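Student: could you work out the structure for the sequence below:
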Amino acid sequence: MSAAAAPYTDPRTRCDRTPAWGLLAQRYQHAGRAFDLRAAFAQDGAARVAHFSQQAPHIHADLSKNLIDEATEALLLQLARECGVEAYRDAMFAGRPINHTEQRAVMHWLLRNPAPAPAAQAPAATSFVADAAREVHASLHAMLGLAEQVRQDAAITDIVNIGIGGSDLGPSMAAKALDDLRPAGKRLHFISNVDGMELGSLLRTLRPESTLFLIASKTFTTLETMTNAQAARDWFIAQGGTDVARHFWALTTNRSAAAQFGIETTLGFWDWVGGRYSLWSAIGLPIAIAIGAGNFRQLLAGAHAMDEHFRTAPLAQNLPVRLALLDVWYRNFHGFATRCVAPYSHGLRRLPAYLQQLEMESNGKGVDASGAPLPYATAPVVWGEPGTNGQHAFFQMIHQGPDIIPVEFIALRRPGRDLPAQHARLVANALAQAKALMRGRESPDNPHRAFSGNRPSTFLVLEQLSPEALGALIALYEHRVFVAGAVWGINSFDQWGVELGKVLAQGLEPRLASGDAAGLDASTAALLRQLI
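Tutor: Below you'll find the predicted structure:
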């Protein structure tokens with residue numbers, strides 16, 4: 001289904017063309033550059049915490065340890081209004097084709113909407129959105145039915161998801177986060193790398209009669225995914241497997257290609273679902289297998305609650321908006337090039353990798369929506385590892401290195417299932433790191449032991465790592481990316497930057513067999529000779 005045909009006009013004004021942008025530049029020079037967190041807390045710490053903390057669905061956020069004051073935030077909120085963020089948000093929720101370079105709507109939010117009300121009670125909606133909503137719930141019902149079928153099939157012990165990008169990162173992250181809910185006797189595996197070492201090492205541990213392969217590719221042509229899928233089928237047949245249709249399912253819109261592969265069970269999704277926003281769709285089948293239909297619906301419900309918060313909360317109390325504007329303040333005025341995400345939760349260990357794609361593929365753009373080059377930076381580099389691992393790896397640089405790196409701490413109030421007595425020690429470390437970054441430490445006699453302090457951090461608290469809380473957390477980051485992209489005046493929903501290298505690889509692969517380096521640049525030719 002394509003986006004509604006009505007003409008669409010982008011309601012935004014690019015950030016550097018607004019009055020607020022110039023006022024923020026002045027604010028940074030006069031007050032932002034020399035802002036001191038310790039002085040701000042000494043002046044009235046309780047009032048600061050009250051203003052820069054808030055509750056959103058399933059998430060408590062403390063922004064008080066950031067290099068910002070109320071006057072700066074007021075200017076940032078003015079910037080959001082002048083950029084047309086609210087109108088752009090409303091256009092997304094109305095199903096307008098805001099992904100204008102591909103003429104598509106952006107409606108991943110619809111995947112977690114409750115079932116449509118009866119026609120007589122339904123709120124006003126375009127026929128496009130209403131039709132899409134009915135298709136979404138039919139697809140969800142079918143997907144959850146298949147998930148329960150697998151969960152009840154004792155003969156299937158291993159589920160292997162073969163995908164890449166959004167068809168791997170989101171499902172892998174969420175399934176690992178909610179592993180406490182996985183039933184005994186079911187193991188989930190995620191394969192993405194075209195390096196045969198990844199798939200090959202897994203296949204050595206599997207039996208064909210007890211393995212189900214999920215091939216996740218919208219077009220069923222993704223090079224890495226189809227290379228691994230073919231290798232998995234070859235292994236299956238070589239090991240005596242005979243029923244490809246039972247042991248291979250496809251998450252794709254290309255049913256004919258899946259049928260040629262020998263697959264009969266397929267689930268599809270829509271062109272208005274970008275890959276990095278697709279875990280809520282049929283691509284989420286491995287999540288549903290891991291946690292069950294009821295819990296998957298709770299995952300959707302948590303995300304929907306955050307959608308409603310983003311859609312309806314005033315900008316000043318809208319957590320995705322506040323976080324995104326802080327990102328703009330740091331990236332474009334302070335010049336901070338990276339952001340570290342430090343989840344103090346083993347379950348969230350794949351969250352930084354997931355956020356790398358979500359943020360850098362969405363907002364790593366150098367031209368605005370009209371194609372004009374941008375005179376300012378956009379997405380920062382997002383990276384991180386779980387605490388406490390990161391403390392013994394890169395926190396040295398965060399505390400004492402010359403670059404200022406904002407840190408995002410994520411902690412759970414309640415522990416997971418295993419060894420709960422260790423949870424207090426884990427949380428104490430998160431609190432201590434945030435405190436140390438802010439306060440620093442003087443050491444006049446030994447500069448090696450001195451910490452400059454005044455280093456910013458954000459602290460997010462979830463009650464527990466439940467499906468609802470995880471859904472809300474993911475949706476929070478999705479909308480945060482949306483708002484930053486809206487302010488920067490870019491299209492956050494295409495990803496042309498992934499194409500060129502893939503096209504060039506298709507031309508280089510035959511040369512590795514033939515050794516033909518004719519026409520290549522000197523470096524590529526020399527490297528090719530090294531690799532054959």
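Student: got a list of what Glu86 touches?
Tutor: Going by Cβ atoms under 8 Å, 6 or more residues apart in numbering, Glu86 touches 80, 315. Placement of C-beta: from N, CA and C, glycine included.
Student: and it, its phi and psi?
Tutor: Per-residue torsions, Glu86: phi -60, psi -40 (degrees, to the nearest 10).
Student: quick one: it from Phe482, how far?
Tutor: Relative to Phe482, Glu86 is positioned 12 Å away (Cβ to Cβ, to the nearest Å).
Student: how about Ala154?
Tutor: Remark: distance between Ala154 and Phe482 (Cβ to Cβ) = 43 Å.
Student: out of these two, which sits in the more crowded spot?
Tutor: Phe482 (25 against 9; other Cβ atoms under 10 Å).
Student: with adjacent residues omitted, what lies nearest to that one?
Tutor: For Phe482, ignoring the flanking residues on the chain, the nearest one in space by Cβ to Cβ, 6 or more residues apart in numbering is Ser492 at 6.1 Å.
Student: could you report the pLDDT at that neighbour?
Tutor: Looking at Ser492, its pLDDT is 97.
Student: that one: what secondary structure?
Tutor: Of the three states, Ser492 takes coil under DSSP: H, G, I helix; E, B strand; the rest coil.
Student: burial count for it?
Tutor: Ser492 has 27 nearby residues by other Cβ under 10 Å.
Student: surely it touches Val481?
Tutor: Yes - taking Cβ atoms under 8 Å as the definition, Ser492 is a contact partner of Val481 at 6.1 Å.
Student: list residues touching both of the two?
Tutor: Joint contacts of Ser492 and Val481 (Cβ under 8 Å, 6+ apart) are 362-363.
Student: distance from the helix or strand Ile398 falls within to the middle of the chain?
Tutor: In this structure, Ile398 sits in helix 395-400 according to DSSP states H and E. Relative to its chain's centre, helix 395-400 lies at 25 Å (Cα atoms, centre = their mean, to the nearest Å).
Student: cool, stretch 365-373 as well?
Tutor: Its chain's C-alpha centre and that of stretch 365-373 lie 22 Å apart, by Cα atoms, centre = their mean.
Student: what about it, start to end distance?
Tutor: 9 Å (Cα to Cα, to the nearest Å).
Student: so for it, what's the average pLDDT?
Tutor: For stretch 365-373, the mean pLDDT works out to 97.
Student: contacts made by that stretch with the rest, please.
Tutor: 10, 12, 14, 100, 374, 378-379, 485, 488-492.
Student: 7 Å instead, please
Tutor: Stretch 365-373 has contacts (Cβ atoms under 7 Å, 6 or more residues apart in numbering) with 10, 14, 100, 374, 378, 489-491.
Student: same deal with stretch 249-265?
Tutor: 212, 214-220, 244-245, 248, 266-269, 282-283, 285.
Student: also stretch 517-526?
Tutor: Counting by Cβ under 7 Å, 6+ apart, residues outside stretch 517-526 touching it are 511, 528-529.
Student: show me what the host helix or strand of Gly22 is packed against.
Tutor: Using DSSP H and E, Gly22 maps to helix 19-27. If you count contacts as 3 or more Cβ pairs under 7 Å, 6 or more residues apart in numbering; DSSP states H and E, helix 19-27 packs onto helix 70-83.
Student: do a quick rundown of the strands in the stretch 301-450 of the chain.
Tutor: Secondary structure of the stretch 301-450 of the chain (DSSP state E, counting those that start in this stretch): strands located at 338-343, 381-383, 407-412.
Student: what number of residues lie near Ser201?
Tutor: Applying other Cβ under 10 Å, we find 9 residues neighbouring Ser201.
Student: helix/strand/coil for it?
Tutor: Here Ser201 is recorded as helix under three-state DSSP.
Student: tell me the spacing between it and Asp195.
Tutor: 10 Å.
Student: one more: Asn66?
Tutor: 40 Å.
Student: of those two, who's got more company?
Tutor: Using other Cβ under 10 Å as the criterion, Asn66 and Asp195 rank with Asn66 on top: 23 against 10.
Student: contact partners for the residue lying closest to that one once chain neighbours are set aside?
Tutor: Once flanking residues are discounted, Asn66 sits nearest to Pro456: 4.6 Å by Cβ to Cβ, 6+ apart. Applying Cβ under 7 Å, 6+ apart to Pro456 gives the contacts 65-67, 406.
Student: and Arg187, its phi and psi?
Tutor: Residue torsions, per degrees, to the nearest 10, at Arg187 are phi -120, psi 130.
Student: which residues sit in contact with the residue nearest to it when sequence neighbours are not counted?
Tutor: Of all residues not flanking Arg187 in the chain, Asp158 sits nearest, at 5.0 Å (Cβ to Cβ, 6+ apart). Neighbouring residues of Asp158 by Cβ under 7 Å, 6+ apart: 187, 189, 206, 210-211.
Student: could you rerun that using 10 Å?
Tutor: 185-189, 202, 205-208, 210-213 (Cβ atoms under 10 Å, 6 or more residues apart in numbering).
Student: which of the residues you listed fall within helices?
Tutor: Applying DSSP state H to those, the entries found in helices are Leu202.
Student: quick one: least confident of the contacts of Asp158?
Tutor: The lowest pLDDT within the contacts of Asp158 belongs to Gly185, with 94.
Student: quick revisit: just the buried subset of the contacts of stretch 365-373, please.
Tutor: Neighbour counting with 16 or more other Cβ atoms under 10 Å marks 10, 14, 100, 374, 378, 489-491 as buried within the contacts of stretch 365-373.
Student: put the alpha carbons of stretch 258-275 into PDB.
Tutor: Extracted C-alpha coordinates of stretch 258-275, given in PDB (Å, rounded to 0.1, in the frame of the first residue of the first chain):
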ATOM      1  CA  ALA A 258      10.100 -17.400  -1.400                       C
ATOM      2  CA  ALA A 259       8.000 -20.000  -3.100                       C
ATOM      3  CA  GLN A 260      10.800 -20.700  -5.600                       C
ATOM      4  CA  PHE A 261      13.100 -21.200  -2.600                       C
ATOM      5  CA  GLY A 262      10.700 -23.900  -1.300                       C
ATOM      6  CA  ILE A 263       9.000 -21.800   1.300                       C
ATOM      7  CA  GLU A 264       5.200 -21.900   1.800                       C
ATOM      8  CA  THR A 265       4.800 -19.900   5.100                       C
ATOM      9  CA  THR A 266       5.300 -16.200   4.500                       C
ATOM     10  CA  LEU A 267       4.400 -13.000   6.400                       C
ATOM     11  CA  GLY A 268       4.700  -9.600   4.800                       C
ATOM     12  CA  PHE A 269       4.700  -6.000   5.700                       C
ATOM     13  CA  TRP A 270       4.400  -2.600   4.000                       C
ATOM     14  CA  ASP A 271       6.600   0.000   2.200                       C
ATOM     15  CA  TRP A 272       5.700   2.500   5.000                       C
ATOM     16  CA  VAL A 273       7.600   0.400   7.500                       C
ATOM     17  CA  GLY A 274      11.300   1.200   7.300                       C
ATOM     18  CA  GLY A 275      13.700  -1.600   8.200                       C
END
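Student: the closest residue to Ala142 other than its chain neighbours pairs with what?
Tutor: Closest residue to Ala142 apart from its sequence neighbours, by Cβ to Cβ, 6+ apart: Leu267 at 6.5 Å. Beta-bridge partners recorded for Leu267 (DSSP bridges): Leu251.
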